[in-house]
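Asker: here is the input, now give the coordinates:
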Amino acid sequence: MHRSKDKEIKLFINKKTYIINKHLTLIQACSYLGIEIPRFCYHEKLTIAGNCRMCLLEVSRNERGVSVPKPVASCAIPALEGMHIHNNTVMVKKARESVLEFLLINHPLDCPICDQGGECDLQDQTMIFGNDRGRFYENKRSLVDKYCGPLIKTIMTRCIHCTRCVRFGSEIAGVNFLGTTGRGYNTEISSYINQLSFSEISGNVIDLCPVGALTSKPYAFAARSWELKSVESIDVLDSIGSNIRIDVRGSEIMRILPRLNESLNEDWITDKTRFFYDGLKVQKLQTPLIKLKNNFIMCSWSTVFLWLSLKIKLLKNKVLEINGIVSNLSDNETIITLKDFLNIKGSSNFYIQDYNHINFDFRQNFLLNISLLEIEKLDFVILVGLNPRLELPLLNLRFRKSVKYNKSLIVSLGFSYPLTYNYLSLGSNIINLIQILEGTSMLCKVFLKSKNRILAFGNVLSKRLDVDNLLNVFKTMFLKLKLNNCLNFINNYQGSINCLELGFSNPINHYIRKNKKLKLFFLCGIDDSMFIKKNKEKNLYIYIGSTGNNISDICDIILPACNIVEKQGHFINIEGRVQKTKFIKLPLGLSRTDWKIFISFLCFSLIKPNSRILKPRINRLLEISPIYKKIFYNLFIKYNLKIKKDKIVYIYNSNILSPFLNYYASDVISKSSYLLAITSKHFIKNKNFIYN
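Answerer: Coordinates of the predicted model:
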């Protein structure tokens, strides 16, 4: 790529000449050139504080040719043309030794029992840049530990006042739950009020803290960093598909940390993603079970396949109807294998737990039509039945950036909930939205003057019977205004997007038909038993999943499947990006991968599988959708819709009410987690939110 000379400057570092881009600070320029500069308070995603003074450099000649007599903080000084910088002089080394000696005055000597050991910036930099002995023999200061909820452990005597946690709360999370109190010797990080204001991404302060002042409560005294094996994977609990790192010791998951991905989750992950792993061990299914006389009996795979084959043959005389239902966390391999399995059995009754009435013939109806990076550049956003803070907290961070840096106007319809930014509520009547698009509202001028605007609707709107009519009205008006990619559906789960991409979108509500056929249900990991209660007939229910729940107790057969860390699977995120989960550990007991269970049953039943179900799963997926051809790349396919004129469209004049979601218990895995259950209890009790 050709660079413009107007955007470049010449810089001298340690008597070597470098050419860098403009508008960089000295610490950014050194990091770009691979020169290590120690730091505590500086972070790429936070504003510059300059209070740790660890990143000191010597400037022998500035842009005016004048030497600076004292070391300067490289995080706060911009790189200018012709600067001469030194990183290894005697003055710089002595200054860093003095800074570290000052920071260690009140720091306790508890490295052997600190959970930050092995990953502590203060420990590492003291070994490299510090002196070999100290001169302080007075008593150290002690502080009272603060309560920061059930997930964050605090030991405030270790705090060096880098203020990373304070800046993260006020700048990124938008919730002021920490601040600096006192002056001089009495300075400490504390909360301004006793009641903790919750944030769905508060666990990121654990990664930000350079010392052991803020650590993970569940991880306390559990393992050391050198004992862990790290595996890179993705998060499947929401539709963002955050890049994560899973640390494992033996066969046990010890912690989950974020991986840097600027286009998806940046440096952050949600608290649910960070602490859901203990839910994988609760009620873990390891052996096939058959219910006889209201009691479950353990058996082998061959026994359960034989019993199921005989049951199907007996029920065929009574005209059996076979159905399959997948959950919101199902991967593409499971979905397509279950569909092929049903087709071999002569059935096409495939259903999805998270139902909607959207026309999935067009990919733009169920994917985000702009990238997550472009959301930060918006200046007008209409949220319809969507609560981004509780549904997709990382998407809410993008909206907050657009408000903070681009002065975006956020208009909501259908919910009234304190977000981490200011927004305008229009109530819950759908007519208020149509008035904006028709030109009869006061917001029409703002909507037309804005350059980048979108209308984002959530699952509440997609469950309406008139959603297609609403979408046609919106598309017609956007076509008249010559606006592209304005309409965006924000789906909460990647499993739902997987089904829509593969062309399967039959909701559970639509399958209940009053006929005399007995029904056989294959339930893949679902946790909603409402549809079983609605159907009063005696049917045969087969549960295939990794975790026992309220629906597995009702079923007649339980087949243990691998959970998301015991198998590999492809998922499609909200942008249409195909990502793959990694194999973390071996499955427990007799658990098998979901899609392998169906193939094994066909082979055991002496039914000749067709060529489609025996193909490698990725090849089978490629036959259905071209989106799998380029893994880890964003694919947007745009369609030009031609809407007939003079067509009467009926819209129900009803309110849109976004339900209050319990963010920490929204799927089968998070509902099984003890850590998230405690957090959910605090979340429900907390009603006072502070935001800026």
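Asker: need the residue closest to the centroid of the protein.
Answerer: Centroid-nearest residue in the chain: residue 242, 4.5 Å away (criterion: Cα atoms, centre = their mean).
Asker: for the residue nearest to that one when sequence neighbours are not counted, grab phi and psi.
Answerer: The shortest distance from residue 242 to any non-neighbouring residue, by Cβ to Cβ, 6 or more residues apart in numbering, is to residue 265 (3.8 Å). C-betas here are computed from N, CA, C, even on glycine. For residue 265, the backbone dihedrals are phi -110, psi 0 (criterion: degrees, to the nearest 10).
Asker: then the one 5 residues further on?
Answerer: Dihedral pair for residue 270: phi -80, psi 160, per degrees, to the nearest 10.
Asker: from residue 45, how far out is the residue nearest to it when sequence neighbours are not counted?
Answerer: Excluding its sequence neighbours, the residue lying closest to residue 270 (Cβ to Cβ, 6+ apart) is residue 393, at 5.0 Å. Applying Cβ to Cβ, to the nearest Å, the value for residue 393 to residue 45 is 16 Å.
Asker: just want to know which of the two has more residues nearby.
Answerer: Set residue 393 next to residue 45 and count neighbours by other Cβ atoms under 10 Å: residue 393 wins out with 23 against 15.
Asker: gap between the more buried one and residue 99?
Answerer: 36 Å.
Asker: please apply the same query to residue 71.
Answerer: From residue 71 across to residue 99, the span is 10 Å (Cβ to Cβ).
Asker: shared neighbours, the two?
Answerer: Residues touching both residue 71 and residue 99 by Cβ atoms under 8 Å, 6 or more residues apart in numbering: residue 56.
Asker: before we move on, the earlier item: these two touch, right, the residue nearest to the centre of the chain and residue 235?
Answerer: Yes: between residue 242 and residue 235 there is a contact under Cβ atoms under 8 Å: 4.2 Å.
Asker: shared neighbours of those two, anything?
Answerer: Joint contacts of residue 242 and residue 235 (Cβ under 8 Å, 6+ apart) are 269, 273.
Asker: quick one, strands of the stretch 401-550 of the chain?
Answerer: Using DSSP state E, counting those that start in this stretch, the strands of the stretch 401-550 of the chain run over residues 409-413, 424-425, 453-457, 487-489, 518-524, 540-545.
Asker: would you turn those strands into JSON lines with mean neighbour count and distance to residue 678?
Answerer: Conversion of those to JSON lines gives the following (neighbours: other Cβ atoms under 10 Å; distance: least, Cβ to Cβ, whole Å):
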{"stretch": "strand 409-413", "mean neighbour count": "22", "distance to residue 678": "30"}
{"stretch": "strand 424-425", "mean neighbour count": "14", "distance to residue 678": "32"}
{"stretch": "strand 453-457", "mean neighbour count": "23", "distance to residue 678": "32"}
{"stretch": "strand 487-489", "mean neighbour count": "22", "distance to residue 678": "33"}
{"stretch": "strand 518-524", "mean neighbour count": "23", "distance to residue 678": "29"}
{"stretch": "strand 540-545", "mean neighbour count": "23", "distance to residue 678": "24"}
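Asker: wait, which of these is closest to residue 311?
Answerer: Closest to residue 311 of those is strand 540-545 (Cβ to Cβ; 6.6 Å).
Asker: so what secondary structure elements neighbour the helix or strand following the closest one?
Answerer: Sequence order places strand 557-560 as the next helix or strand after strand 540-545, per DSSP states H and E. Using 3 or more Cβ pairs under 8 Å, 6 or more residues apart in numbering; DSSP states H and E, the elements in contact with strand 557-560 are strand 289-292, helix 301-316, strand 540-545.
Asker: give me the contacts around strand 557-560.
Answerer: 285-291, 296, 304, 307-308, 540-546, 548, 552, 589-592, 597.
Asker: for PyMOL, write the select line for the buried members of the residues you listed.
Answerer: Selection of buried members from these for PyMOL, criterion 16 or more other Cβ atoms under 10 Å:
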select buried, resi 285+287+288+289+290+296+304+307+308+540+541+542+543+544+545+546+548+552+590+591+592+597
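Asker: can you tell me how far residue 57 sits from residue 411?
Answerer: Distance of residue 57 to residue 411, given as Cβ to Cβ: 47 Å.
Asker: I should have written residue 526 there, sorry.
Answerer: Residue 526 is 35 Å from residue 411, where distance means Cβ to Cβ.
Asker: now do residue 18
Answerer: Taking Cβ to Cβ as the measure, residue 18 falls 48 Å from residue 411.
Asker: swap in residue 326?
Answerer: Separation of residue 326 from residue 411 (Cβ to Cβ): 35 Å.
Asker: for residue 603, same thing?
Answerer: Distance, residue 603 to residue 411, using Cβ to Cβ: 56 Å.
Asker: which ones are touching residue 435?
Answerer: residue 441.
Asker: where does this protein have its least confident helix or strand?
Answerer: Ranked by mean pLDDT, DSSP states H and E, the weakest helix or strand in the chain is helix 530-534, scoring a mean of 57.
Asker: count of neighbours near the closest residue to residue 323 other than its chain neighbours?
Answerer: In space, and not counting its chain neighbours, residue 323 is closest to residue 349: 4.2 Å by Cβ to Cβ, 6+ apart. Per other Cβ under 10 Å, the neighbour tally for residue 349 reads 17.
Asker: my read: residue 349 touches residue 320, true?
Answerer: No: using Cβ under 8 Å as the test, residue 349 is too far from residue 320 to be in contact (11.4 Å).
Asker: can you give me the helices for the stretch 551-692 of the chain?
Answerer: Along the stretch 551-692 of the chain, the segments classed as helices by DSSP state H, counting those that start in this stretch run 594-604, 611-614, 617-624, 668-672, 674-685.
Asker: now do the stretch 301-450 of the chain
Answerer: Using DSSP H, counting those that start in this stretch, helices in the stretch 301-450 of the chain cover 301-316, 332-344, 372-375, 388-391, 393-406, 430-438, 444-449.
Asker: outside of the fourth one, which residues touch it?
Answerer: When you say that, I think you mean helix 388-391. Contacts to helix 388-391, defined as Cβ under 8 Å, 6+ apart, come from residues 200, 238, 395-396, 399, 417, 419-420, 458-459, 490, 492, 660-661, 663.
Asker: pull the CA atoms of it into CSV?
Answerer: Backbone C-alpha positions of helix 388-391 (Å, rounded to 0.1, in the frame of the first residue of the first chain) are rendered in CSV as follows:
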residue,chain,number,x,y,z
PRO,A,388,-28.8,-4.1,23.5
ARG,A,389,-27.5,-3.9,27.1
LEU,A,390,-29.2,-7.1,28.2
GLU,A,391,-29.3,-9.0,24.8
